[in-house]
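>>> here is a sequence with its predicted model. Questions after.
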Amino acid sequence: MFKKITVALLFVGALAAGVAAQKPMKAWTEWSKKDAEKILKSSPWAQTQVETDTSELFFQPTARGGVNDQTRAAEGATNTEVHVNYFVRFFSARPIRMALARTMMLSMKDVPPDTVAGLKRFAEIQPTDSIIVTVWFDSTDQRSGGKVLQALSNGETSTLKNDAYLERKDGKRLFLQEYVKPGKDGFGARFIFPRKVESDQFLKADSGEVRFHAELGTNKEFKVDRRFKIADMMYEGALEY
């Protein structure tokens with residue numbers, strides 16, 4: 001009897017999990033701030049890459065050393081770990097733009113109807129020609145953040161075209177078509193790739209995964225590298241990227 005009850009409970013649990021998995025996401029206009037932040041930082045369309053620098057953790061201003069110590073002495077030292085968080089997002093995917101639009105809505109009071117309409121158009125329009133990946137960041141240290149911002153702001157299509165790409169599981173790479181520097185909108189730098197290669201979609205439901213890779217800075221000292229599972233990038237029953 002106990003065994004039968006256990007099996008029955010397991011079946012009910014599995015059924016409930018299946019129903020929950022099939023339950024559609026609530027309308028983006030009803031998302032909470034926490035819902036939107038989850039989409040923007042850790043979701044099928046967004047990942048956060050955390051870089052930690054411990055080089056200044058035990059820095060002593062009186063210590064003798066090489067050029068590195070001299071530079072740190074001149075600039076000052078944090079005497080703590082420094083973190084830089086890179087936010088890598090498929091900006092061309094509607095859920096990302098929906099989360100951005102929802103965040104803006106929640107930050108405003110008495111949003112005018114025309115503003116709401118504009119945000120809805122921005123959030124819900126479906127891309128046809130390009131795959132757009134944005135990269136933005138925050139940092140626990142102003143100096144470190146400033147260096148990343150400088151690298152993003154100094155980027156050019158001509159210098160990044162061979163150092164920024166999307167890569168499928170089969171190894172096929174799609175190199176950068178256009179780079180747009182970060183602006184005042186706060187969305188970050190835009191890495192733009194063609195959606196089709198030789199009249200065929202570069203990414204399909206059976207592509208397995210897609211890797212975004214970019215190297216930034218004068219000496220390519222800033223590397224952003226994230227992998228996304230294609231099977232998870234589904235929205236309203238269709239592949240969304």
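Sure, I can see it.
>>> just the strands in this protein please.
Applying DSSP state E to the chain gives strands spanning 46-53, 82-90, 130-139, 164-168, 173-175, 178-180, 189-194, 196-197, 200-201, 209-216, 222-229, 234-235, 238-239.
>>> can you redo the ones you listed as CSV with mean neighbour count?
Every residue, glycine included, has its C-beta placed from N, CA and C. Formatted as CSV, the strands of the chain follow (neighbours: other C-beta atoms under 10 Å):
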stretch, mean neighbour count
strand 46-53, 16
strand 82-90, 21
strand 130-139, 21
strand 164-168, 20
strand 173-175, 15
strand 178-180, 16
strand 189-194, 21
strand 196-197, 13
strand 200-201, 10
strand 209-216, 19
strand 222-229, 17
strand 234-235, 14
strand 238-239, 12
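>>> mean pLDDT for those - can I get that in JSON lines?
Shown next, in JSON lines, are those (pLDDT from 0 to 100):
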{"stretch": "strand 46-53", "mean pLDDT": "94"}
{"stretch": "strand 82-90", "mean pLDDT": "96"}
{"stretch": "strand 130-139", "mean pLDDT": "97"}
{"stretch": "strand 164-168", "mean pLDDT": "98"}
{"stretch": "strand 173-175", "mean pLDDT": "98"}
{"stretch": "strand 178-180", "mean pLDDT": "98"}
{"stretch": "strand 189-194", "mean pLDDT": "98"}
{"stretch": "strand 196-197", "mean pLDDT": "94"}
{"stretch": "strand 200-201", "mean pLDDT": "94"}
{"stretch": "strand 209-216", "mean pLDDT": "98"}
{"stretch": "strand 222-229", "mean pLDDT": "98"}
{"stretch": "strand 234-235", "mean pLDDT": "94"}
{"stretch": "strand 238-239", "mean pLDDT": "94"}
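>>> what's the closest of these to residue 147?
Ranking the strands of the chain by their distance to residue 147 (criterion: C-beta to C-beta) puts strand 222-229 first, at 7.9 Å.
>>> follow-up on the earlier one: and of the strands of the chain, who's closest to residue 109?
strand 130-139 (24.9 Å).
>>> each with direction, which strands does the closest one pair with?
With DSSP bridges as the test, strand 130-139 is paired with strand 82-90 (antiparallel), strand 189-194 (antiparallel).
>>> all set, thanks.
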